[in-house]
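>>> turn this into a structure:
(3 chains)
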Amino acid sequence: MLEIKNLNASINNREILKGLNISIKPGELHAIMGPNGSGKSTLANVLSGKEGYKISGELNYLGKSLNEISIDERAQKGIFLAFQYPTEIPGVNTSNFLRTSLNKVRKAQGKKEIDALSFLKLVKEKSDELGMDEKMLTRQLNVGFSGGEKKKNEILQMKILDPSLIILDETDSGLDIDALKIVADGVNSARDKKKSFLVITHYQRLLNFIKPDFVHVLADGKIVKSGTKELAMELEKTGYKGIN
Amino acid sequence: MLDLKIHSNEIDKIGKFSKEEKDYRIKNLNYFNDIGLPNKKDEDWKFSDLNAIVSKNFKKLNLKLGKSDNPKINFIKEFEHNYIVIINGKLTASDFKYEEKNKIDLKPFTNEDYSNKKENNPLVNLNHALSHEGFFLEVKENYKFNKVLVIYYFYTDDLDENLLNSKNKIKIGNNSEIHFVDFIVNESKRNFFNNIYEEIILEESSTLKNIYLQNDKSPGYFHKYTKNKLSSGSNLSSFIFPTGLKFNKLDLEFDLEGENSVCNIQSAAFLNEYDHQEVKTRVNHLYPNCKSYQKVKNVLNDNSKGVYQGKIFVKDVAQKTDAYQLSKAVLLNERSEFNSKPELEIYADDVKCSHGSTSGSLDKDSIYYLMTRGLSKKESTKLLVESFLNEIIESIKSSSLRNFIKTKLENQLKNEHKKH
Amino acid sequence: MSKQNTNIPQDYKYGFTTDIDNIKAPKGLSEETIKFISKIKKEPKWMLDWRLKAFNRLKVSKEPNWQKPKYPKINYQDLYYYSAPKSMKDKPKSLDEVDPKLIETYNKLGIPLNEQKKLSGVAVDAVFDSVSVATTFKDELTKKGIIFCPISEAIQKHPDLVKKYLGSVIPISDHYFATLNSAVFTDGSFVYIPPNTRCPMELSTYFRINAAETGQFERTLIIADKGSYVSYLEGCTAPMRDENQLHAANVELIALDDAEIKYSTVQNWYPGDKDGVGGIYNFVTKRGACRGKNSKISWTQVETGSAITWKYPSCILQGDNSVGEFYSIAITNNHQKADTGTKMIHLGKNTKSKIISKGISAGKADNTYRGLVDIGRKASNSRNYTQCDSLLMGNKCGAHTVPYIKNKNSTSTIEHEATTSKINEDQLFYCNQRGLNQEEAVSLIVNGFCKDVLQQLPMEFAVEAQKLVGISLEGSVG
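Below you'll find the model as predicted:
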């Protein structure tokens, strides 16, 4: 699914990722943990194609290089980033936005556009699965949403767009326990053999609800330790200082 | 109608000048005479029709002053300070007892630049043509003033239908810092027109804080044009506290000529009777990463008129500009008036520019609340007005200065309270 | 006939010309031209006298020059002031007699005029150069006592109404272009809604400039009598030509006691090509008088076209408790220039006004909001709220805000807010990450930025306007 080899990334001449390697197979869920400033969000941004970074190394997705592929094309090819801070876009209706987005993804995959009725059905079904009120979608995109609502909205979008590679960028930050469970349920119900997940988090807490296949520790732009979910437990006890 | 054309032989009455300087003065006089005193058809004078105001209140404008004895100055006792005394525009005394003398240069103003053009503001041309008094103050590099400097602008009681023109220039060297107060003391009870041209130059990383204060409200028709030039890293704060004149227009221009320069302009005024007060600003963002902030508050009672015209100009190269402008006015009387024109002219895209302007009565709910707590309507109004204006005064760091200005405002409001 | 613009941008789809024989007034501005227009319109003498009075005034008035967009001098003697398809000379009695070429033109513009295909719920007056081609749904409106007809017809059939109200909001002497229009106006719409009548459908005029070297000077007069309501829409397009064409219209609205007029414009005159060649000079005077108590006038405009747009749809709030609103989107791209806004003149007590303006500037364009809020001495307990937002794309364009705010009443409140910023990069990134390309993302975000205005438009127009917003900005983002 995703193959990252010796990835370096810098912004404004500041090196952030320094030779990062990771390999994710279909169906796997990898967690990346690390202290603040270790480069977690940069990794998410670089994978999504965000501009402004100077990049070297290999980034292969589904066997092909992601170099030169724009943000929207990556999204259309099934890369989904759940934002740490979902952006507010005033005046834009959430439901219309999601339908536009879904049709872009479908079109790129050679499917025909979804009609209004089927879309509403799909939204209803997915929001029910998440135990969410679909009325949220009649509001302006993320505008005036609470932190929890924003994150739930990201998970709902993930469920509806049905991507192949899902990057969750600190989706657990700022969530109370109830919202955290909804988010985790959403992720767990989306897991299947074809999808891969990269879960970026600062705390082990989320991993009590989402069981990772692999856990990596990111520090100073590199993976310094990899293991299974026990590694996360260990981190909880020792803190990031205990690693190395 | 008053004949506002000024004959070129008036220049000879002021003094003897070299040919070069005389030519310069004549050219400027011609520029002025082309337009005369500006009227409301001139966009910049839309809300302050100077031509009409002067025509209505003056029979003549005399350039020649009577000979007056040096008046006694009541120096401010509330805080220690250096001072300069300017009488009817003329530099007459100074004292820098708290400072290192070799770091300061003060002398009467002499013109060195004879280039001339038609200025946007015709009163600038008028000043160039006729001014012959004023001062030049320079603060040398790397020097921070120990105490505040008060510049006493004293106007004598014999001024009557006179036209005064004076010119000042202040230069602050690299990494230097000065705080000064323009303190206006007007003894004349009659009409006269005072026209000041001022140039303030902030060199790299220098800091200037200045405060405009009137000793008391007084008749008099004042106009001041100031050109402020800010080099990179410099920081200018300007606080303006007018207490009322028959006419007072401050036309302030700020050129942010280097990166990371910052300017902060704030004003608070309580006006009554027939006061006419205008603050006009133009902030020119010419380089990237500069910041400007403006907040202008007016409370208007009786027949007073307040005007704020503020323009933020952002040149195409001035990316990352952060510019803000706010004007708030409270009208207390059905005959008072507030006009504003907050303007944005922007040619760079990566900027944060905004402005707001409100005018209206005091919040009725607040008055109601205070009255339920036992205050009379007048007392409630006074309290709300005071807190409205104090917000600006509070941002002055020096406590002695802050208290001095606060007391002035308090007295002003107390008098108002007694009057009605 | 001037040559067609060969450098045709793909995004202006209304740039075609209709090849049709025209009757034209002699070139140039003179008493003869005015008499020609008046004669061909079979006008009564009072109307001709009115025009000539305006013409005399014009001789002593000067073109204004305070506005931001400057334009090359217009040679008023080198223009045609009247141009009409020959077939329209003897007024066709029904649509069957109208030249099929004209019907076809409106079909192409998406405004079918024939009975079977006409837009449901919208009555259309189609104005082609200087004449009205057809007015739909006339019979149904007549039953309710509503008059909706070309103004030239109203001058003949309803002289009392025209005499009473024409020039009562925009006096002959108002300013140069208003005076010019008063002298030479050719056609436009006339609407009268009788007391206590709610107009059952949207009324709409579709303006089309076709002939070359011709100015369009239409005149619209809308009167909403006591307790009535009308919603009126106007649309405009023109062919692509290398020359600049002048469009100087006057629109007057009058709302009596308890009446409401909603006036919406989607202005898509030809903006000129990418290098700023050609395009319409859109110098329009629009003014409404809320003459009666509790009356309301609401202007909504989406301005995407024209080389230069210069207009200030205004409200004079005379009646106590009257309400004025102005909702505006002005988009300028390439070399377009717009200087637009409103005037809200509060005269009556308890009057309220609201201004929402969204300016978007891209390419090398210049966009100015200019507005006046004036609360007079007697307008106690009045209120104004103004919100002006500008969006800049690139640093070759300009966005300017020039509000004039005058308050002479201590019981009245004025609030004004304005912001200028560029399109938010985080928003673009978010949309991109959901699969939208740059242009789609820009269109979506800009439409969101404009939502408060777009939602004021009647449904049929809102969808069209949203598309227009996207199209107008194509190619503006690297």
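>>> can you tell me which residues in chain A are near chain C?
A:48-50, A:70-72, A:74-76, A:80-81, A:83, A:86-92, A:97, A:100-101, A:104-105, A:108, A:140-141, A:157, A:161 (C-beta under 8 Å from any C-beta of the partner chain). Yep, even glycine has a C-beta here, placed from its N, CA and C like the rest.
>>> repeat that for 6 Å
Within chain A, the positions lying close to chain C (C-beta under 6 Å from any C-beta of the partner chain) are A:48, A:50, A:71-72, A:75-76, A:81, A:87, A:89-92, A:101, A:104-105.
>>> give me the buried subset of those.
Buried subset of the residues of chain A next to chain C (neighbour count, 16 or more other C-beta atoms under 10 Å in any protein chain shown): A:48, A:50, A:71-72, A:75-76, A:81, A:87, A:89-92, A:101, A:104-105.
>>> show me where pLDDT drops low in chain C?
Scanning chain C for pLDDT under 70 picks out C:1-11, C:87-95, C:97, C:109, C:112-121, C:130-131, C:133, C:238-239, C:477-478.
>>> gap between the helix ranked longest in it and the chain center?
In chain C, taking DSSP state H as the definition, the longest helix is helix C:45-60. Its chain's C-alpha centre and that of helix C:45-60 lie 24 Å apart, by C-alpha atoms, centre = their mean, to the nearest Å.
>>> could you point out which element follows that helix?
strand C:83-85 (DSSP states H and E).
>>> now the helix or strand following that following strand, how far from the chain's geometric center?
Next along the chain after strand C:83-85, taking DSSP H and E as the criterion, comes helix C:100-108. In this view, helix C:100-108 has its centroid 22 Å away from the chain centroid, taken as C-alpha atoms, centre = their mean.
>>> C:S412 reaches C:K378, doesn't it?
No: in this structure, C:S412 is not within contact of C:K378 by C-beta atoms under 6 Å, at 10.3 Å.
>>> between these two, who's got more neighbours?
Neighbour count, other C-beta atoms under 10 Å in any protein chain shown: between C:S412 and C:K378, C:S412 has more, with 25 against 14.
>>> tell me the contacts of that one?
Contact analysis of C:S412 by C-beta atoms under 6 Å, 6 or more residues apart in numbering or on different chains lists C:I375, C:S382.
>>> that one and B:G360, how far apart?
Going from C:S412 to B:G360 by C-beta to C-beta, to the nearest Å gives 6 Å.
>>> over to C:K157?
Counting by C-beta to C-beta, the gap from C:K157 to B:G360 is 48 Å.
>>> of the two, who's got more company?
Under the neighbour definition other C-beta under 10 Å, C:K157 and B:G360 were set side by side, and B:G360 has more, 22 against 12.
>>> distance of that one relative to C:I193?
Counting by C-beta to C-beta, the gap from B:G360 to C:I193 is 35 Å.
>>> just A:A9 next, same as before
In this view, A:A9 and C:I193 are 66 Å apart by C-beta to C-beta.
>>> neighbour count winner among these two?
Counted by other C-beta under 10 Å, A:A9 and C:I193 do not tie: C:I193 has more neighbours, with 30 against 21.
>>> identify the residue nearest the more buried one in space, chain neighbours excluded?
Computed as C-beta to C-beta, 6 or more residues apart in numbering or on different chains, the closest residue to C:I193 that is not its neighbour in sequence is C:S228, at 3.9 Å.
>>> residue contacts, the one you found?
Counted by C-beta under 6 Å, 6+ apart, C:S228 has contacts C:I193, C:T197, C:A259.
>>> make CSV out of those and add secondary structure.
Formatted as CSV, the contacts of C:S228 follow (DSSP: H, G, I helix; E, B strand; the rest coil):
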residue, secondary structure
C:I193, strand
C:T197, coil
C:A259, coil
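>>> from those, pick the one nearest chain A.
Ranked by distance to chain A (C-beta to the nearest C-beta), the contacts of C:S228 are led by C:A259 at 31.1 Å.
>>> need the phi and psi values for the closest residue to B:L332 other than its chain neighbours.
Leaving aside its sequence neighbours, B:L332 sits nearest to B:N301 (C-beta to C-beta, 6+ apart; 4.4 Å). Main-chain torsions, B:N301, degrees, to the nearest 10: phi -120, psi 170.
>>> where does chain A have low pLDDT?
Ranges of chain A meeting pLDDT under 70: A:242-244.
>>> please, where are all the strands along it?
Using DSSP state E, the strands of chain A run over residues A:2-11, A:14-24, A:29-33, A:54-61, A:64-65, A:79-82, A:165-169, A:196-201, A:214-219, A:222-227.
>>> the host helix or strand of C:I280 pairs with which strands, and in what direction?
For C:I280, the host element (DSSP H and E) is strand C:279-290. Sheet partners assigned to strand C:279-290 using DSSP bridges are listed as strand C:244-247 (parallel), strand C:250-255 (parallel), strand C:308-311 (parallel), strand C:314-317 (parallel).
>>> quick one: it to chain centroid distance?
6 Å.
>>> ok, stretch B:34-52 next?
19 Å.
>>> same check on stretch C:140-155?
Distance, stretch centre to chain centre, for stretch C:140-155: 20 Å (C-alpha atoms, centre = their mean).
>>> what's the end-to-end length of it?
From its first residue to its last, stretch C:140-155 covers 21 Å (C-alpha to C-alpha, to the nearest Å).
>>> can you mark which positions in that stretch are buried?
Residues of stretch C:140-155 classed as buried: C:L141, C:I146, C:I147, C:F148, C:C149, C:P150, C:I151, C:S152, C:E153, C:A154, C:I155 (neighbour count, 16+ other C-beta under 10 Å).
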